[in-house]
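> I would like the atomic coordinates for the input below:
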Amino acid sequence: MTHIDAGAELDPVHPVPMPAPVANGGLSTAEVAERVARGAVNDVPVRSSRSFGEIVRANVFTRFNAIIGVLWLVMLFVAPFQDSLFGYVIIANTGIGIIQEWRAKKTLDSLAVIGEAKPTVRRDGQALEVSTSEIVLDDLIEIGPGDKAVVDGVCVEADGLEIDESLLTGEADPVVKHPGDPVMSGSFVVAGGGAFQATKVGREAYAAQLAEEASRFTLVHSELRTGISTILKYVTWMMVPAAIGLVITQLVVKSHDLKESIARTVGGIVPMVPEGLVLLTSVAFAIGVIRLGRKQCLVQELPAIEGLARIDTVCLDKTGTLTEGGMDVTELRVLGGSDETYVRKVLGALGESDPRPNASLQAIIDAYPDAEDWRCTESLPFSSARKYSGASFSEGNGESSTWLLGAPDVLLNPDDPALAETGRLNEQGLRVLLLARATGDLDDPEVARGASAAALVVLEQRLRPDAADTLRYFAEQDVRAKVISGDNAVSVGAVAGKLGLTGTAVDARRLPSDQDGMAQALDEGTVFGRVTPQQKRDMVGALQSHGHTVAMTGDGVNDVLALKDADIGVSMGSGSEATRAVAQIVLLNNSFATLPDVVAEGRRVIGNITRVATLFLVKTVYSVLLAVLVVCWQVEYPFLPRHLTLLSTLTIGVPAFFLALAPNKERAKPHFVRRVMRYSIPGGLVAGVATFVTYLIARHYYTGEGSLDAETSVATLTLFLISMWVLAIIARPYTWWRVVLVASMGAGFLLVLAVPWLQDFFALKLVGLTMPWIAVGISVVAAAALEVTWKWVDRRVPA
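Just a heads-up that it's a prediction; the model follows:
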């Protein structure tokens with residue numbers, strides 16, 4: 001509470017050797033320069049970023065690029081250029097992936113600079129805001145409520161300093177700090193203020209050691225990425241035996257020209273690889289980051305885009321989320337015959353006693369000027385757990401007094417008549433603080449007991465103009481909103497009511513303490529008041545225990561624990577340093593209305609990648625099946641690599657790129673792998689069987705020289721038509737541009753068949769009329785089978 005002598009004993013639990021003392025005014029410019037020169041700087045990597053080299057490595061050195069790269073090198077030596085086209089497609093895909101991720105990195109880095117915390121350090125006797133990376137060893141760093149300790153250090157000043165270390169140690173209760181006590185990076189201030197001297201900076205700092213790997217730019221921990229990895233694992237298992245069988249059949253059993261046998265073997269292996277799927281997922285995420293970046297939304301962890309689209313419950317802190325940060329004093333109601341002039345003086349002195357006022361106290365400071373002849377002798381900073389602050393004064397006339405300012409329902413007895421008046425004001429959505437005179441010392445934990453009420457301070461909160469529309473959007477999307485606030489439940493309920501949220505306001509002090517009981521109460525209620533920071537965390541855990549996917553929004557230090565535990569944490573850009581540090585998404589423009597854009601981006605990514613994955617995996621399934629059938633029938637593989645490059649480009653590559661980036665408002669659905677495989681497997685089986693049947697019929701129909709080329713051409717026609725039908729199904733529901741997309745892919749294939757030099761380039765020439773029309777007929781039957789099968793799958797195989 002008061003300043004404690006710097007010679008106080010060290011904390012016996014965490015004894016820390018005091019560093020060489022630094023002057024009260026901090027380091028000098030020369031001392032800072034000397035530390036920079038020897039590298040004693042806080043050079044922790046930027047959270048959102050990975051280097052250009054890492055991006056290149058991640059896109060180039062993949063398992064499938066290695067497989068295709070080896071096959072491409074083989075084809076460059078044994079086959080014509082057009083059979084090596086698939087390699088150039090991979091190079092182009094990889095280049096696109098690198099460019100888009102680099103753009104995303106630049107966007108994230110520029111936004112991270114805007115949203116970066118600027119700690120206050122003392123240098124040359126002045127308080128300066130510096131970048132986190134500019135802090136040097138032995139810097140004196142000032143901290144107040146909501147500030148995060150960005151490096152390790154030793155406390156040198158403490159004024160009621162209470163620090164929450166729960167994110168590091170798991171200890172729920174704030175720790176009161178005295179000079180000489182350790183301050184760990186990653187902890188944050190919940191009450192009071194002070195300063196500490198940096199003893200470990202950069203990678204030596206405690207939180208940096210914990211977080212360096214975990215907090216780097218990453219694409220993991222998302223259902224999409226995990227699902228795709230699972231699918232690729234299955235694909236690899238299928239590929240290996242099929243490819244080995246194909247190699248043996250084409251090179252050993254069939255005694256054809258060696259180079260053509262190699263080309264057909266490679267033609268069978270390459271389409272098994274869904275090479276563009278991982279690329280398109282990365283690009284879809286990266287473009288999502290860029291789009292949101294334009295709206296001043298910093299995505300600190302990429303899967304958060306996907307995660308927010310999957311939530312079914314959003315917990316909202318009222319202050320700073322539904323209401324703007326500022327408040328206005330609208331009325332002062334004196335109680336018990338108190339003198340209003342005297343009360344105004346007390347309020348002015350209380351405002352002056354706190355060097356780091358919160359929004360409520362700032363409104364009081366703006367309304368009531370300081371009484372200059374009053375001197376603060378002791379102060380008790382506000383804390384969300386206590387729900388009040390206080391100060392002792394030596395008044396101008398020599399008398400002493402102690403005052404408390406806080407929640408009426410915490411400071412007053414339940415039967416006090418002032419509470420009825422408070423209730424009426426709360427019902428109007430007004431915030432009410434009680435000024436009470438205490439008889440005990442501020443050091444006494446029971447100081448509020450027996451305090452006499454002097455006045456009610458009525459504050460009006462400013463509603464965010466966009467809050468009602470955003471809440472309406474969530475309601476339409478079946479996302480339940482829960483308002484969780486430390487304020488009076490009735491007042492919070494009235495504010496929520498103005499924004500269109502219905503439901504009884506619940507006082508959180510009456511909630512069950514067991515997780516199951518709390519979860520049930522949360523399912524039934526909408527608005528909760530008088531919630532402590534620990535309760536916010538418990539509420540998130542209780543909702544998750546009932547299977548809910550929870551997002552938490554907040555801006556204050558009392559939201560940090562809940563934000564950290566929620567599936568998705570969303571912070572306002574103007575929020576406390578600690579809040580921004582733990583949130584996955586930071587709304588730098590402080591606009592709650594940006595959240596629907598984040599949900600829309602997530603839905604676009606999830607819905608489109610599910611569509612696109614089906615396209616890629618149908619190809620993988622039919623490629624593996626064709627390889628197995630070729631091995632069983634002991635025949636030549638029906639395609640050269642150039643044929644499958646053409647088919648893949650027209651029916652998968654180009655359309656998938658457009659479909660992956662198109663708007664998509666479908667609600668996010670779980671079980672990605674099951675949803676994709678239930679369409680891909682029957683689709684691939686139908687396509688593979690129909691193509692092979694056409695090929696076998698063609699082998700009996702065509703004889704003599706050039707027969708293999710003719711057989712390949714009709715098999716290619718069949719596979720193209722079926723693949724086009726798969727694309728046509730995936731592209732539903734149709735819009736004008738989707739119809740144009742599908743039609744233009746069909747026109748591209750007709751162009752190849754019609755232009756002689758393209759026929760020669762792709763070795764595609766339909767011979768006669770009978771066999772091509774048989775191919776068309778088989779394709780029509782296969783298309784009908786696809787429609788029937790997928791409709792049956794929809795009914796019988798739930799996603």
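> phi, psi of the closest residue to N608 other than its chain neighbours?
Closest residue in space to N608, ignoring its immediate chain neighbours: A660 at 4.7 Å, by Cβ to Cβ, 6 or more residues apart in numbering. The way it works is simple: take the backbone N, C-alpha and C, and place the C-beta from them, glycine included. A660 has phi and psi values of phi -70, psi -30 when expressed as degrees, to the nearest 10.
> A660 reaches I606, doesn't it?
No: contact criterion Cβ atoms under 8 Å: A660 and I606 do not qualify, at 11.2 Å.
> for D760, what are its contacts?
Listed by Cβ atoms under 8 Å, 6 or more residues apart in numbering, D760 has no contact partners.
> what's near enough to touch T321?
T321 touches R464, A467, T553, G554, D555, M572, F592, counting by Cβ under 8 Å, 6+ apart.
> repeat that with 10 Å
With contact taken as Cβ atoms under 10 Å, 6 or more residues apart in numbering, T321 is in contact with 314-315, 464, 467, 470, 483-485, 552-556, 559, 570-572, 575, 587, 590, 592, 595.
> which of these fall in strands?
V314, C315, V483, I484, M552, T553, G554, V570, S571, M572, L587 (DSSP state E).
> can you count the residues close to the second one?
With neighbours defined by other Cβ atoms under 10 Å, the count for C315 comes to 29.
> so which residue is dead centre in the chain?
In the chain, the centroid-proximal residue (Cα atoms, centre = their mean) is A304; its distance is 1.8 Å.
> how far away is that one from Q534?
According to Cβ to Cβ, to the nearest Å, A304 and Q534 sit 25 Å apart.
> what does Q759 give?
Taken as Cβ to Cβ, the spacing of Q759 relative to Q534 amounts to 74 Å.
> did I read that right, R437 in a strand?
Yes: residue state for R437 (DSSP: H, G, I helix; E, B strand; the rest coil) corresponds to a strand.
> just give the nearest non-adjacent residue to it, would you?
Distances taken as Cβ to Cβ, 6+ apart place S452 nearest to R437, at 5.1 Å, with adjacent residues excluded.
> so the one you found makes contact with S401?
No: using Cβ atoms under 10 Å, S452 makes no contact with S401, being 11.3 Å away.
> between the two, what contacts are shared?
Common neighbours of S452 and S401, counting by Cβ under 10 Å, 6+ apart, are R437, A438.
> low-scoring pLDDT stretches of the chain, where are they?
Within the chain, the stretches with pLDDT under 70 are 1-21, 44-50, 112-115, 166-172, 206-221, 253-257, 302, 325, 798-799.
> residue at max distance from the center of it?
G704 (62.2 Å).
> for that one, helix, strand, or coil?
Classification of G704 using three-state DSSP returns coil.
> same deal with V506?
V506 is classified as strand under three-state DSSP.
> buried set for the longest helix along the chain?
Ranked by number of residues, the top helix in the chain under DSSP state H is helix 595-633. Using 16 or more other Cβ atoms under 10 Å as the test for burial, helix 595-633 gives 595-631.
> so what's in contact with A660 and I606 at the same time?
Residues touching both A660 and I606 by Cβ under 10 Å, 6+ apart: A284.
> hang on, I606 packs against K669?
Yes: counting by Cβ under 10 Å, K669 is a contact partner of I606 at 7.8 Å.
> so what sits against both of the two?
Common neighbours of I606 and K669 (criterion: Cβ under 10 Å, 6+ apart): R310.
> for L128, list the residues it contacts.
L128 makes contact with G26, K118, P119, T120, V121, R122, E134, E142, according to Cβ under 10 Å, 6+ apart.
> E142 versus that one, what's the distance?
Separation of L128 from E142 (Cβ to Cβ): 10 Å.
> helices of the stretch 1-150 of the chain, start to end?
29-37, 52-60, 63-78, 85-115 (DSSP state H, counting those that start in this stretch).
> let me fix that, I meant to ask about the stretch 151-300 of the chain.
So, for the stretch 151-300 of the chain - with DSSP H, counting those that start in this stretch - the helices run 166-169, 206-211, 223-248, 258-269, 275-294.
> right, and these - which one's nearest R333?
R333 sits nearest to helix 166-169 of all these, at 38.3 Å, using Cβ to Cβ.
> figure out how far stretch 553-564 is from the centre of its chain.
15 Å (Cα atoms, centre = their mean, to the nearest Å).
> got the end-to-end distance for that stretch?
This stretch, stretch 553-564, spans 11 Å end to end (Cα to Cα, to the nearest Å).
> buried set for it?
For stretch 553-564, the neighbour count (16+ other Cβ under 10 Å) marks T553, G554, D555, G556, V557, N558, D559, V560, L561, A562, L563, K564 as buried.
> how many residues are close by the closest residue in space to the first one that isn't next to it in sequence?
Using Cβ to Cβ, 6+ apart and skipping residues adjacent in sequence, the residue nearest T553 is V570, 4.4 Å away. Residues contacting V570 under the criterion other Cβ under 10 Å number 30.
> tell me the contacts of V570?
Neighbour list for V570: 297, 304, 308, 314-316, 321, 551-555, 559, 563, 579, 583-587, 592, 594-595, 598 [criterion: Cβ under 10 Å, 6+ apart].
> beta partners of it?
V570 has the following beta-bridge partners by DSSP bridges: T553, I585.
> mind checking the end-to-end distance for stretch 382-393?
End-to-end span of stretch 382-393 (Cα to Cα): 17 Å.
> do stretch 386-406 as well
9 Å.
> what residues of that stretch count as buried?
When burial is assessed from 16+ other Cβ under 10 Å, stretch 386-406 yields the following buried residues: 386-393, 395, 402-406.
> so E301 makes contact with I585?
Yes: using Cβ under 10 Å, E301 is in contact with I585, at 8.3 Å.
> common neighbours of those two, please.
Shared contacts of E301 and I585, defined by Cβ under 10 Å, 6+ apart, comprise G307, I568, G569.
> you'd agree the last one is up against Q584?
Yes: in this structure G569 lies within contact range of Q584 using Cβ under 10 Å: 5.4 Å.
> how near is the nearest residue to R678 once chain neighbours are set aside to I722?
Closest residue in space to R678, ignoring its immediate chain neighbours: V797 at 4.7 Å, by Cβ to Cβ, 6+ apart. Here the criterion is Cβ to Cβ. By it, V797 lies 21 Å from I722.
> higher neighbour count, those two?
Set V797 next to I722 and count neighbours by other Cβ under 10 Å: I722 wins out with 29 against 13.
> pretty sure the more buried one sits against E787.
No: if you go by Cβ under 10 Å, I722 and E787 don't touch, sitting 11.8 Å apart.
> common neighbours of these two, please.
With contacts defined as Cβ under 10 Å, 6+ apart, no residue is shared by I722 and E787.
> circling back to that earlier point, so what sits against both of G569 and Q584?
Shared contacts of G569 and Q584 (Cβ under 10 Å, 6+ apart): Q300, E301, A304, G307, A551, L563.
> could you confirm the second one falls within a helix?
No: applying three-state DSSP, one finds E301 to be coil, outside a helix.
> burial measure for it, as a count.
By the measure other Cβ under 10 Å, the count of residues near E301 is 22.
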